[in-house]
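Peer 1: no sequence for this one, just the structure:
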């Protein structure tokens, strides 16, 4: 059944959806209740517009049900993050990352280290809230400009949201567009390689403008804290390397995550000597430490319960997309965009702008991935090389620009972590927007 209520009501729903996310995150409360209440309000609003609750409820149910594989992957990512910390894999990467930052130029090193850690952790915000806090503290003590420092960290950390096989956003994108991860990965590597080198070069230049140095004692202090909590065996390298190999040769993300979780449990039990009940608690609630050190407490992330909020936001975005489609609000807009897509360049331009605008309206990346991925895939297939090419467009426009919008949930959280506003760091988060022009001119 199709309905055609005025689109003004749809815009009201989207605005309330976005505001509920921002306000709730700002207050530090769970997203589950406000997103659920906005959904109930939307159904009641549609009821007032003569759409039966049974009909609108079916729209929501069908939409939410269609993304069940994505919810499963998101939950598995939460399990993976916590057990990779408990097993010592992430602490080991951080430990050896510290070996680099006081030996050479600080800014390029934190760009590289945060990028590597983010790739295996699978989350830009998670990287910023762990090692990013430490790097920010050290950089500030050196007198590095806050915007430069946080912008460099974001350039590295948000590699995860576009490239990591462990990223919820990456997996959501490839599921919506229906492209294998290995094809998407190689497309992104070819696209991002030169922008990464340019960003690295800029960070070297900016780093030389600051004369402060990281002291060996300061870095070794953090390393000693890690060694006091974890057994940092070289054997732990097996998992990061294995995940990369299995992902790029084409193994499904679900299988890769399953192996990662099982291996993490094995290492946590046999190498870290962590009790089985503690590992189970880590999987459910996220990694927890008894250490009084604030540095180790920053590693208290992950767990399947933490991902419930992410699943709720994604489900909310999917449900709103289904409502908009059923109410006939999307079709005229999509029709206009399709008419403007007459070449590779115009297809990239209008698909990218559409994704960015949707993210700006909803304050989250979910809808900016879902609606273009679902409704513009057919026209993109006429002018772009393949589905992975189209997925790269979405990832390098809406997804990558979102943290630079001051009202986006990413920027709100970044501000709460560092105290640095989006307008301060956005000009220096070069990699987040530098890939956009390469979408037009870099062909493979």
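Peer 2: That came through, no problem. Because the structure is predicted, anything quoted here is derived from the model rather than measured.
Peer 1: what residues does the helix or strand of the chain with the lowest mean pLDDT touch?
Peer 2: For the chain, counting by mean pLDDT, DSSP states H and E, helix 7-27 ranks last in confidence among helices and strands (a mean of 79). Contact with helix 7-27 is made by 30-31, 33-35, 37-38, 41-42, 45-46, 49, 313, 316-317, 320, 323-324, 327, 329, 361-364, 367, 407, 409, 412-413, 416, as judged by CB atoms under 8 Å, 6 or more residues apart in numbering. Using the backbone N, CA and C atoms, a C-beta is placed for each residue, glycine as well.
Peer 1: can you tell me which of those residues are in helices?
Peer 2: Using DSSP state H to define helices, the subset of the contacts of helix 7-27 located there is 33-35, 37-38, 41-42, 45-46, 313, 316-317, 320, 323-324, 361-362, 367, 409, 412-413, 416.
Peer 1: Generate a PyMOL selection restricted to the buried subset of those residues.
Peer 2: Buried members of these, defined by 16 or more other CB atoms under 10 Å, are picked up in PyMOL with:
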select buried, resi 34+35+38+42+45+46+313+316+317+320+323+324+361+362+367+409+412+413
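Peer 1: buried ones in the lengthiest helix in the chain?
Peer 2: In terms of residue count, the longest helix belonging to the chain (DSSP H) is helix 181-207. By 16+ other CB under 10 Å, the buried positions in helix 181-207 come out as 181-185, 187-188, 191-192, 195-196, 199-200, 202-203, 206-207.
Peer 1: got the contact list for residue 92?
Peer 2: 230, 232-233, 236-237.
Peer 1: Can you tell me which of the residues you listed is closest to residue 276?
Peer 2: Among these, residue 230 lies closest to residue 276 (CB to CB), at 17.7 Å.
Peer 1: OK, contacts around that closest one?
Peer 2: 88, 91-92, 272.
Peer 1: Most widely separated two among these?
Peer 2: Across the contacts of residue 230, no pair lies farther apart than 92 and 272, at 10.8 Å, counting by CB to CB.
Peer 1: how about low-confidence regions in the stretch 151-300 of the chain?
Peer 2: For the stretch 151-300 of the chain, applying pLDDT under 70 flags the ranges 211-213.
Peer 1: ignore the last one, the stretch 301-444 of the chain
Peer 2: The stretch 301-444 of the chain contains residues with pLDDT under 70 at 442-444.
Peer 1: all helices in the stretch 101-250 of the chain, in order from the N-terminus.
Peer 2: Using DSSP state H, counting those that start in this stretch, the helices assigned to the stretch 101-250 of the chain run over residues 106-121, 124-128, 131-141, 146-157, 160-163, 168-177, 181-207, 216-229, 238-248.
Peer 1: With distance to residue 436 added, can I get the ones you listed in TSV?
Peer 2: Compiled in TSV, the helices of the stretch 101-250 of the chain are given as follows (distance: least, CB to CB, whole Å):
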stretch	distance to residue 436
helix 106-121	18
helix 124-128	17
helix 131-141	24
helix 146-157	14
helix 160-163	12
helix 168-177	16
helix 181-207	9
helix 216-229	35
helix 238-248	25
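Peer 1: Next one: residue 218 from residue 406, what distance?
Peer 2: Distance, residue 218 to residue 406, by CB to CB, to the nearest Å: 32 Å.
Peer 1: Please apply the same query to residue 75.
Peer 2: Residue 75 is 30 Å from residue 406, where distance means CB to CB.
Peer 1: the more surrounded of the two?
Peer 2: residue 75 (20 against 13; other CB atoms under 10 Å).
Peer 1: tell me the centre residue of this protein?
Peer 2: Nearest residue to the geometric centre of the chain (CA atoms, centre = their mean): residue 161, 3.7 Å.
Peer 1: Let me see the contact set for that one.
Peer 2: The neighbours of residue 161, taking CB under 8 Å, 6+ apart as the test, are 123-124, 167, 169-170, 365, 395, 399-400.
Peer 1: circling back to that earlier point, okay, angle between the longest helix of the chain and helix 238-248 too, please.
Peer 2: Put simply, helix 181-207 runs at 120 degrees to helix 238-248, going by axes from the mean of the first three to the mean of the last three CA atoms, to 10 degrees.
Peer 1: I'd like to know which elements helix 181-207 is packed against.
Peer 2: Contacts defined by 3 or more CB pairs under 8 Å, 6 or more residues apart in numbering; DSSP states H and E place helix 181-207 against helix 106-121, helix 146-157, helix 160-163, helix 168-177, helix 238-248, helix 387-394, helix 431-441.
Peer 1: pLDDT averaged over the longest one - what is it?
Peer 2: Right, the one you point to is helix 106-121. For helix 106-121, mean pLDDT rounds to 93.
Peer 1: Renumber starting at 844 from here on
Peer 2: Got it, the first residue is 844 from now on, which makes the last one we talked about helix 949-964.
Peer 1: Taking helix 989-1000 as reference, get the angle to it.
Peer 2: Per the same axes, to 10 degrees, the angle that helix 949-964 makes with helix 989-1000 is 40 degrees.
Peer 1: packing partners for helix 949-964?
Peer 2: In terms of contacts (3+ CB pairs under 8 Å, 6+ apart), helix 949-964 is packed against helix 911-929, helix 932-944, helix 967-971, helix 974-984, helix 989-1000, helix 1003-1006, helix 1024-1050.
Peer 1: switch to 10 Å and redo it
Peer 2: helix 911-929, helix 932-944, helix 967-971, helix 974-984, helix 989-1000, helix 1003-1006, helix 1024-1050, helix 1081-1091 (3 or more CB pairs under 10 Å, 6 or more residues apart in numbering; DSSP states H and E).
Peer 1: Residue 1267: which of those is closest?
Peer 2: Closest approach to residue 1267 among these (CB to CB): helix 989-1000, 3.9 Å.
Peer 1: for that closest one, the distance to its chain's centre please.
Peer 2: For helix 989-1000, the separation from the chain centroid amounts to 15 Å (computed by CA atoms, centre = their mean, to the nearest Å).
Peer 1: How about that helix, which residues are buried there?
Peer 2: Buried residues in helix 989-1000 (16+ other CB under 10 Å): 989-1000.
Peer 1: Could you report the distance from residue 947 to residue 980?
Peer 2: Residue 947 is 19 Å from residue 980, by CB to CB.
Peer 1: Repeat that for residue 936.
Peer 2: Using CB to CB, one obtains 19 Å as the distance from residue 936 to residue 980.
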